[in-house]
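Participant: the following comprises the amino acid sequence and a computationally predicted model.
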Amino acid sequence: MLRLDHLTVIAPTLAEGVAHVRASLGLEPPPGGSHPEMGTHNHVMRLGDDLYLEVVAVDPDAPAPAGPRWFGLGDVAAVRSDWERGRRLRGWVAGTGDIDLVLARHGSLLGVSTRVSRGGRHSRFAVPPDGGLPLDGALPSVIERTGPPPAARMPDLGARLRGFVLEHPDPDRVAALYRDLGVDRGPELRAGPEIRYRALIDTPGGVRTLT
């Protein structure tokens with residue numbers, strides 16, 4: 001089973017990503033840390049006891065990684081194009097207790113298990129060979145963690161995920177893939193001209209939309 005772990009805003013720069021979340025939700029996502037294996041850094045914001053929002057971008061001060069960057073961040077032009085078109089909440093990550101089993105069945109869709117870290121915490125993350133998002137972001141990236149959910153250690157700013165929607169040209173196909181993957185707590189699927197995510201988030205200032 002793959003269970004919703006966190007949502008991802010994939011930004012050309014961390015400052016732009018944080019500004020977008022601030023403008024959308026009226027909240028400032030706190031600094032998270034850096035991922036030395038990927039040459040990226042992030043800010044994170046709690047959305048529940050075991051759920052959070054991540055803003056992730058290339059860290060310009062970090063060495064380039066030996067392999068592909070996750071979340072498609074190695075393709076700078078594509079990240080910028082998506083950003084300018086309003087595709088900013090670009091994907092999501094699902095947790096599993098056995099990433100080897102998941103990738104034995106679905107590695108062609110999800111990628112290869114890669115060790116990643118932030119601070120003193122380590123996990124294994126499925127990264128496609130080109131570093132892109134699985135099925136252009138329609139499928140989740142997959143992570144296997146050790147220890148408690150990271151959301152439990154984050155400051156509680158009063159944000160809670162109310163709804164999560166994916167628009168896709170072929171939602172029936174995506175639904176079938178979700179069933180095959182054993183997705184739990186995935187997005188609501190709706191028909192649309194292209195892949196677009198929308199999250200409805202309860203905040204102290206009311207219900208806000210993040211795209």
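Facilitator: Ah, there it is.
Participant: do a quick rundown of the strands in this protein.
Facilitator: Secondary structure of the chain (DSSP state E): strands located at 2-10, 31-35, 40-48, 51-58, 89-95, 112-118, 121-127, 141-145, 160-168, 183-184, 188-191, 196-203, 206-210.
Participant: with only the CA atoms kept, save the third one in CSV.
Facilitator: The reference is to strand 40-48. Provided in CSV are the C-alpha atoms of strand 40-48 (Å, rounded to 0.1, in the frame of the first residue of the first chain):
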residue,chain,number,x,y,z
THR,A,40,18.4,20.5,-3.3
HIS,A,41,16.9,22.2,-0.2
ASN,A,42,13.4,22.8,1.1
HIS,A,43,10.9,24.5,3.3
VAL,A,44,8.2,22.3,4.9
MET,A,45,4.8,22.9,6.5
ARG,A,46,2.7,20.6,8.6
LEU,A,47,-0.7,19.7,7.2
GLY,A,48,-1.7,17.0,9.8
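Participant: how about residues contacting that strand?
Facilitator: 6-7, 14, 17-18, 21, 27, 29-35, 52-59, 62, 69-71, 73, 118, 150-151, 154-157, 159-161, 201 (Cβ atoms under 8 Å, 6 or more residues apart in numbering). C-beta: built from backbone N, CA, C; applies to glycine.
Participant: same thing but at 7 Å, please
Facilitator: Outside strand 40-48, the residues within contact range by Cβ atoms under 7 Å, 6 or more residues apart in numbering are 14, 18, 27, 29-35, 52-59, 69, 73, 151, 154-157, 159-161, 201.
Participant: looking at the chain, which helix or strand is least sure?
Facilitator: The weakest-scoring helix or strand in the chain, judged by mean pLDDT, DSSP states H and E, is strand 112-118 (a mean of 89).
Participant: that one: how far from the chain's middle?
Facilitator: Centroid separation between strand 112-118 and its chain, computed with Cα atoms, centre = their mean, to the nearest Å, is 14 Å.
Participant: thinking again about what came up before, out of the strands of the chain, nearest to residue 104?
Facilitator: strand 112-118 (10.2 Å; Cβ to Cβ).
Participant: next, the angle from that closest one to strand 31-35.
Facilitator: Per axes from the mean of the first three to the mean of the last three Cα atoms, to 10 degrees, the angle that strand 112-118 makes with strand 31-35 is 130 degrees.
Participant: can you list the buried residues in strand 112-118?
Facilitator: Using 16 or more other Cβ atoms under 10 Å as the test for burial, strand 112-118 gives 113, 114, 116, 118.
Participant: do stretch 179-199 as well
Facilitator: Buried-residue list, stretch 179-199, by 16+ other Cβ under 10 Å: 181, 183, 185, 186, 187, 189, 195, 196, 197, 198, 199.
Participant: stretch 2-20 too?
Facilitator: 2-12, 14, 17-18, 20.
Participant: now swap in stretch 150-162 and tell me
Facilitator: 150, 151, 154, 157, 159, 160, 161.
Participant: excluding chain neighbours, what is closest to residue 115?
Facilitator: Once flanking residues are discounted, residue 115 sits nearest to residue 124: 5.9 Å by Cβ to Cβ, 6 or more residues apart in numbering.
Participant: thanks a lot, catch you later.
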